[in-house]
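Engineer: Task: produce atomic coordinates for the following.
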Amino acid sequence: MTQLKWGIGGVLTLAVVAVGGNLYADKSLKAYYQHSTKQSNDLNLQYQQFQMGALNGSANWTAELVLDPCKPKEVIQLKGQDHIQRSWNGYAIRSDINITQAPGALQSLLKEPLKVQSKVNWLGTLNSTLTTPVITRNEAQLQSRLDPMTLKFRAKPIEQQLKILDLQLEIPNLTVTDPNIHLQMVGLKLESNQGLNGEYLEAGETKIKMDLLKMSDRDINKPTNAELKNFSIETQSELTDRVVNTEMLLRLDEMKMPSAPAVQNVQFNFNVLDINRQKLQTLFDILAKSENSCLAKEAMEKDMEPALLAVINEGFRFESKENQFAIGEGVAQASVTGRIMPSHQST
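Structural biologist: Sure, this is the predicted structure:
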């Protein structure tokens, strides 16, 4: 199954590629840089010209990142330089990353370097901040602007592998305009401490917030406007030896749609409880395998369908309480609880 590994995962990979990524995997700055090649299934990283004095140093590097395992020749090639400073509490590394080759329009969009600021203490804990330049696209029928994005993450070496502990992504403003439509997204923020190291099934929480999403259709014959204000969604997962519990909460201050009254003060939650952990892990293992497989979608579905039925057949509980929304002077509320009983469904 073809999977394009871009979006947040790709940006995070670029940040980790910068020197902080595996700096303390070898417990030594010098040993890390002089071990000149780092390889994985989708990343090839090589260092050159490492120099380090008593307090300052630098290193150059190149990297090749495969976005799609089914298209190994479509790669992103990167060139970077690390500027290193040693202090009493560890290393500070400033990295400049240039994209020298990329499929599609990505290279032309990222004309300026990505900037990464990293701090690594003597215990190997890494704090990094990646900042993108302004990304604009101007064509005859389409103009877009993405203001500088910021990605922050913490990581530390665990069992000789660097593990991402948590991340925060901020996209302050995105605008897209064509002759008929104007789209604007303001204040998108994502925070997560789960699923950052290739694990689908992991305890933790994820939060997504957006201040404003607005679309205007400027058709002369039928102009329309739609708007979402202060949208947020939060998920939290807990794992025991036997079961998985997942909670979801959605909030929205206001939604305006064409030819309809405004909907306000939306609150909706949905919790799924007592899911069999072993059966769910089997399903997620199949999903993980599909990400790096080039088999046809139908072949993967043959494995996925019985695994999904195995989860359902074990049974689970669900609940959704104190949901509400308001339209004008009226307020609607609802709650529901239930259970899927263990069964013996088959394909």
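Engineer: so where's the stretch 1-150 of the chain uncertain?
Structural biologist: Within the stretch 1-150 of the chain, the segments meeting pLDDT under 70 span 1-41, 104-109.
Engineer: 90 instead?
Structural biologist: 1-78, 80-82, 84-91, 93, 95, 97-114, 118-126, 132-133, 135-142 (pLDDT under 90).
Engineer: In it, mark out all the strands, start to finish.
Structural biologist: In the stretch 1-150 of the chain, the strands defined using DSSP state E, counting those that start in this stretch lie at 37-39, 43-52, 56-66, 75-87, 90-101, 114-120, 126-131, 135-138, 143-146, 150-158.
Engineer: The fourth one pairs with which strands, and in what direction?
Structural biologist: By that I understand strand 75-87. According to DSSP bridges, strand 75-87 forms sheet pairs with strand 56-66 (antiparallel), strand 90-101 (antiparallel).
Engineer: Tell me how far the first one lies from the chain's centre.
Structural biologist: Meaning strand 56-66. 23 Å (C-alpha atoms, centre = their mean, to the nearest Å).
Engineer: Which segments of the protein make up each domain?
Structural biologist: Domain assignment for the chain by automatic domain parsing gives 1-130, 180-347.
Engineer: export those domains to TSV and tack on mean neighbour count?
Structural biologist: (Glycine included, C-beta is placed from N, CA and C.) Output for these, formatted as TSV (neighbours: other C-beta atoms under 10 Å):
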stretch	mean neighbour count
domain 1-130	16
domain 180-347	14
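Engineer: Format those as CSV; extra columns: distance to residue 144.
Structural biologist: Output for the domains of the chain, formatted as CSV (distance: least, C-beta to C-beta, whole Å):
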stretch, distance to residue 144
domain 1-130, 9
domain 180-347, 9
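Engineer: Okay, now the unreliable bits of the stretch 151-300 of the chain?
Structural biologist: 155-164, 178-181, 195-201, 217-225, 257-261, 284-300.
Engineer: Quick one: closest of the strands paired with strand 75-87 to residue 273.
Structural biologist: Judged by C-beta to C-beta, the one of those that comes nearest to residue 273 is strand 56-66, at 39.0 Å.
Engineer: Doesn't residue 280 belong to a strand?
Structural biologist: No - counting by DSSP: H, G, I helix; E, B strand; the rest coil, residue 280 is not part of a strand but helix.
Engineer: Of all the domains of the chain, which one is nearest residue 159?
Structural biologist: That would be, of these and by C-beta to C-beta, domain 1-130, which comes in at 10.5 Å.
Engineer: Number of residues surrounding residue 155?
Structural biologist: Residues within reach of residue 155, counting by other C-beta atoms under 10 Å, total 27.
Engineer: Now do it against residue 164, distance only.
Structural biologist: 5 Å (C-beta to C-beta, to the nearest Å).
Engineer: And for residue 307?
Structural biologist: For residue 307, the distance to residue 164 equals 27 Å [C-beta to C-beta].
Engineer: Now do the contacts for residue 316.
Structural biologist: Residue 316 makes contact with 272-276, 339-340 under the criterion C-beta atoms under 8 Å, 6 or more residues apart in numbering.
Engineer: Spell out which two among these are the most distant pair, please.
Structural biologist: Largest separation among the contacts of residue 316 by C-beta to C-beta: 276 and 339, giving 13.7 Å.
Engineer: Could you identify the helix or strand that succeeds the helix or strand that contains residue 232?
Structural biologist: For residue 232, the host element (DSSP states H and E) is strand 224-239. Next in sequence after strand 224-239, counting helices and strands by DSSP H and E, comes strand 243-256.
Engineer: so what does that following strand touch, helix or strand wise?
Structural biologist: When contacts are defined as 3 or more C-beta pairs under 8 Å, 6 or more residues apart in numbering; DSSP states H and E, strand 243-256 packs onto strand 224-239, strand 263-276, helix 277-291.
Engineer: So which of these is nearest residue 311?
Structural biologist: Closest among these, using C-beta to C-beta: helix 277-291, at 4.6 Å.
Engineer: C-alpha coordinates for the closest one, PDB please?
Structural biologist: Written as PDB, here are the backbone C-alpha positions of helix 277-291 (Å, rounded to 0.1, in the frame of the first residue of the first chain):
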ATOM      1  CA  ARG A 277      -5.500  -4.900  24.000                       C
ATOM      2  CA  GLN A 278      -4.100  -8.000  22.400                       C
ATOM      3  CA  LYS A 279      -6.600  -8.100  19.600                       C
ATOM      4  CA  LEU A 280      -6.200  -4.400  19.000                       C
ATOM      5  CA  GLN A 281      -2.400  -4.700  18.900                       C
ATOM      6  CA  THR A 282      -2.800  -7.400  16.200                       C
ATOM      7  CA  LEU A 283      -4.900  -5.000  14.100                       C
ATOM      8  CA  PHE A 284      -2.400  -2.200  14.500                       C
ATOM      9  CA  ASP A 285       0.500  -4.500  13.600                       C
ATOM     10  CA  ILE A 286      -1.200  -5.100  10.300                       C
ATOM     11  CA  LEU A 287      -1.700  -1.300   9.800                       C
ATOM     12  CA  ALA A 288       2.000  -0.700  10.600                       C
ATOM     13  CA  LYS A 289       3.000  -3.400   8.100                       C
ATOM     14  CA  SER A 290       0.900  -1.800   5.400                       C
ATOM     15  CA  GLU A 291       2.700   1.500   5.700                       C
END
